[in-house]
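> Give me a model of this one.
(2 chains)
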Amino acid sequence: MSLDPATVRRIARLARIHVGDTEAEQLAGELNGILGWIEQLNEVDVEGIDPLTGAAQMAMRLRPDTVTDGGIPELVLGNAPDRAGTFYAVPKVVE
Amino acid sequence: MSGVIEGRDGPWEMVIGLEVHAQVISRSKLFSGSATEFGAEPNTQVSLVDAAFPGMLPVINGECVAQAVRTGLGLDAHINMVSRFDRKNYFYADLPAGYQISQYAHPVVGGGSIEIELADGSTKRIGVTRLHLEQDAGKSLHDQHPSKSFIDLNRSGIALMEIVSEPDLRTAEEAGAYLRKLRTILRYLGTCDGNMEEGSMRADVNVSVRRHGEPFRTRCEVKNVNSVRFVMQAIEAEAARQVEVWESGGTVEQETRLFDPARGVTRSMRSKEDAHDYRYFPDPDLLPLVLDEGWVAGLRAGLPELPDAKRARFVAEHGLSAYDAAVLVADQETAAFFETVAAGRDAKLAANWIMGDFFAALNRTGCSIGDSPVSAGALGQLLDLLADRTINGRIAKEVFEAMVDTGESPAGIVESRGLRQVTDTGAIDGAVDRVLAAHPDKLAEYRGGKDKLFGFFVGQVMKAMAGKGNPALVNEALRQRLSA
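The predicted structure is shown next:
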């Protein structure tokens, strides 16, 4: 697997990270290095083995359906750069 | 509605699939302990998990899982005993984490089906591909300020079930029937209130068109349509647009569109072009969801009787027509109301009264069945008065209207207004004599062979008795006197 600078720019745009053209070239090289190193894992035969998505071999615990949180608008809005009453206010985003 | 669009160079067929987002009924959110109640002050039902503060960890609500499993069981679907949660990544102001926790590769519920009933009485089974659990986003208000959008995260993190149909629907009518049937099933199960106006049920509509017998062509997705009527209109509008594109030599591009109900057209949502690359990956904060066989069996045992089973039972047990049974089971409260009225009584008569005078009275008074001025018990008492011939059918309608207006019991109305049916043959004979004496001309005509006047005499006698004569006895008395 190999990334070209255009793919790097696309991924950066999807992640809302600004990446300039020279940076994209450089990042493509670094990312290809990382991917190449990880690709060594392809040498392992995993035929018939279930994918592992976590290190803990256990199932999720279920929480009871009770209201235990909320009612803290001042804390929730504590870091908001702008607000209107208890709404967050953001630059207009409309379809 | 045939589902066939007559194009310039021959007919086109519509292919429709629906993705329904149904808000799960639960007290608290899918991954946090804040409340789900509708209509609270902005951002008062938000925990630091819902607002995606750093370091906050999601813990799943067992009841939301149970609701999804109940829904799966109600859709005759396969329950996946192991499922997983993934992150669906996109940026929007009302999605503070920058991702939605959803189930992509391993949903909690697999394939099932829904049987829909169409206007011509036929039925069709529509495949359900999958059902998965996911978080709702917050709510953006764009019309409160000239340059700002206001964000309320109260809805952020509430559990949704996304229910995806197979592309088995062929007409807007079928899509409407599917939505209504799904809503009925969800309401019976108590897993979603199905309230499209409040947004607790929303539909994304996938539409493509093709020539008969062709494989599928490219589809477009019309997002966030919020009523059954608009879904049907959006399908018609989008299919017509696609036929126009193909026939004028163009190509339908796969894209997300919005339906504009005011203009009756769909339009492209260009800004969403990139958004389809959601870069799903397993959520590292969440372990696999593993269900216990016994737990699922317990949920299955606790399911209510569902609409299809209830409809079949109403036909078999109460002798109703399939149509009447379908109307009565469409709403659980109506079905329960019917069963109370019909218990120990003439079920067809009960069905006719409910679907006729009773529904008309609800419409007129703007009441729902829950706050109806006439209870099931009272309507049953009215039918009893009819059955034991205390009143006749015409008077029953009058008594019913009085029950709607006053909320009084039928027996009380009959007594206080003196509406008891007259079965005293002496009184009936007297009325017959008076009527015949008052219309010697009509009597002569009748005797001269104008049989149709019999109805006129019946009417006059009933009028003379203020409508309270027993119709059979009145007929009998008249027949005897006229043939004498």
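
> Could you give me the buried positions within the helix ranked longest in chain A?
Assignment by DSSP state H gives helix A:21-38 as the longest helix of chain A. Within helix A:21-38, the residues that count as buried by 16 or more other C-beta atoms under 10 Å in any protein chain shown are A:24, A:27-28, A:31. The way it works is simple: take the backbone N, C-alpha and C, and place the C-beta from them, glycine included.

> can I get those residues in TSV with pLDDT and distance to chain B?
Below are these laid out as TSV (pLDDT from 0 to 100; distance: C-beta to the nearest C-beta, whole Å):
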residue	pLDDT	distance to chain B
A:24	89	17
A:27	91	17
A:28	92	18
A:31	93	15
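
> Report the two of those separated the most.
A:24 and A:31 (10.1 Å; C-beta to C-beta).

> shared neighbours, the two?
residue A:8 (C-beta atoms under 8 Å, 6 or more residues apart in numbering or on different chains).

> got any ranges where chain A has weak pLDDT?
Applying pLDDT under 70 to chain A picks out residues A:1, A:53-57, A:95.

> so where do the strands sit in it?
Counting by DSSP state E, the segments of chain A that form strands are A:83-84, A:87-91.

> I'd like to check what contacts the strand or helix carrying residue B:473. Which residues are they?
Using DSSP states H and E, residue B:473 falls within helix B:471-483. When contacts are defined by C-beta under 8 Å, 6+ apart, helix B:471-483 is touched by residues B:392-393, B:423, B:425, B:428-429, B:431-433, B:436, B:446-447, B:454, B:457-458, B:461-462, B:465.

> From the chain's centroid, how far away is that helix?
Relative to the chain's own centre, helix B:471-483 is displaced by 48 Å; criterion: C-alpha atoms, centre = their mean, to the nearest Å.

> Any idea what residue B:15 is bridged to?
Following DSSP bridges, residue B:15 is listed with bridge partners residue B:208.

> In contact with it, which residues?
Under the criterion of C-beta under 8 Å, 6+ apart, the neighbours of residue B:15 are B:167, B:169-170, B:207-210, B:216, B:219.

> And it, how far from chain A?
Separation of residue B:15 from chain A (C-beta to the nearest C-beta, to the nearest Å): 26 Å.

> How about residue B:180?
28 Å.

> cool, residue B:185 as well?
22 Å.

> Can you say which helix or strand has that residue in it?
Residue B:185 is part of helix B:172-189, with elements assigned from DSSP H and E.

> buried sites along that helix?
Residues of helix B:172-189 classed as buried: B:172-179, B:181-189 (neighbour count, 16+ other C-beta under 10 Å).

> Counting by contacts, list what it packs against.
With contacts taken as 3 or more C-beta pairs under 8 Å, 6 or more residues apart in numbering or on different chains; DSSP states H and E, helix B:172-189 sits against strand B:10-23, helix B:62-74, strand B:112-117, strand B:123-135, strand B:201-210, helix B:228-247, helix B:307-318.

> Out of the ones you listed, the one nearest residue B:374 is which?
Comparing these by C-beta to C-beta, helix B:307-318 comes nearest, at 20.4 Å.

> Identify all contacting residues around the next helix or strand after the closest one.
Per DSSP H and E, the first helix or strand lying C-terminal to helix B:307-318 is helix B:322-329. Helix B:322-329 has contacts (C-beta under 8 Å, 6+ apart) with B:117, B:121, B:184, B:307, B:310-312, B:314-315, B:318, B:320, B:334-335, B:338, B:348, B:351, B:354-355.

> center of chain A - which residue?
Centre of chain A computed as the mean C-alpha position; nearest residue by C-alpha atoms, centre = their mean is residue A:15, 7.8 Å away.

> okay, now the domains of chain B?
Residue ranges for the domains of chain B, per automatic domain parsing: B:4-298, B:305-416, B:425-483.

> Select from the ones you listed the stretch with the lowest mean pLDDT.
For those, mean pLDDT drops lowest on domain B:425-483, to a mean of 84.

> Pull out the buried positions in stretch B:27-47.
Buried residues in stretch B:27-47 (16+ other C-beta under 10 Å): B:27-36, B:40, B:42-47.

> Can you give me every residue that contacts residue 24?
Defaulting to chain A. Contacts of residue A:24 by C-beta under 8 Å, 6+ apart are A:5-6, A:8-9, A:12.

> looking at chain B here, not the other one
B:30, B:64, B:67-68, B:133, B:158-161, B:191-192.

> Leaving aside the residues adjacent along the chain, what's closest to it?
residue B:159 (3.9 Å; C-beta to C-beta, 6 or more residues apart in numbering or on different chains).

> wait, doesn't the one you found sit right on residue B:23?
Yes. If you go by C-beta atoms under 8 Å, residue B:159 and residue B:23 touch, sitting 7.3 Å apart.

> measure stretch B:292-311 end to end?
Stretch B:292-311 has an end-to-end distance of 32 Å (criterion: C-alpha to C-alpha, to the nearest Å).

> quick one on the thing from earlier: show the contacting residues for the residue nearest to residue B:24.
Neighbouring residues of residue B:159 by C-beta under 8 Å, 6+ apart: B:23-24, B:26, B:29-30, B:61, B:64, B:67-68, B:133-136.

> For the stretch 51-200 of chain B, what lies in contact range of chain A?
Residues of the stretch 51-200 of chain B that fall close to chain A, judged by C-beta under 8 Å from any C-beta of the partner chain: B:51, B:59-65, B:84, B:89, B:91-93, B:140-142, B:144-153.

> coming back round to it: give me the distance between the residue nearest to the centre of chain A and chain B.
Separation of residue A:15 from chain B (C-beta to the nearest C-beta): 8 Å.

> tell me the most buried of the strands of chain A?
strand A:87-91 (a mean of 19; mean count of other C-beta atoms under 10 Å in any protein chain shown).

> and it, how far out from the chain's middle?
23 Å.

> ok, stretch B:28-40 near chain A or not?
Yes. Residues of stretch B:28-40 are located near chain A by C-beta under 8 Å from any C-beta, namely B:28, B:32-35.

> now for the residues you listed, which pair is the farthest apart?
Applying C-beta to C-beta across the residues of stretch B:28-40 next to chain A, the maximum distance is between B:32 and B:35, 9.9 Å.

> circling back to that earlier point, using CSV, list the CA coordinates for the helix holding residue B:185.
What follows is helix B:172-189, C-alpha atoms only, in CSV (Å, rounded to 0.1, in the frame of the first residue of the first chain):
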residue,chain,number,x,y,z
ALA,B,172,-44.9,5.4,-3.5
GLU,B,173,-48.0,3.7,-2.1
GLU,B,174,-45.9,0.7,-1.0
ALA,B,175,-43.4,3.0,0.6
GLY,B,176,-46.2,4.7,2.5
ALA,B,177,-47.7,1.4,3.6
TYR,B,178,-44.3,0.2,4.7
LEU,B,179,-43.7,3.3,6.9
ARG,B,180,-47.2,3.1,8.4
LYS,B,181,-46.8,-0.6,9.1
LEU,B,182,-43.4,-0.1,10.6
ARG,B,183,-44.7,2.7,12.8
THR,B,184,-47.6,0.5,14.0
ILE,B,185,-45.2,-2.3,14.9
LEU,B,186,-42.9,0.0,16.8
ARG,B,187,-45.8,1.5,18.7
TYR,B,188,-47.2,-2.0,19.6
LEU,B,189,-43.7,-2.9,20.8
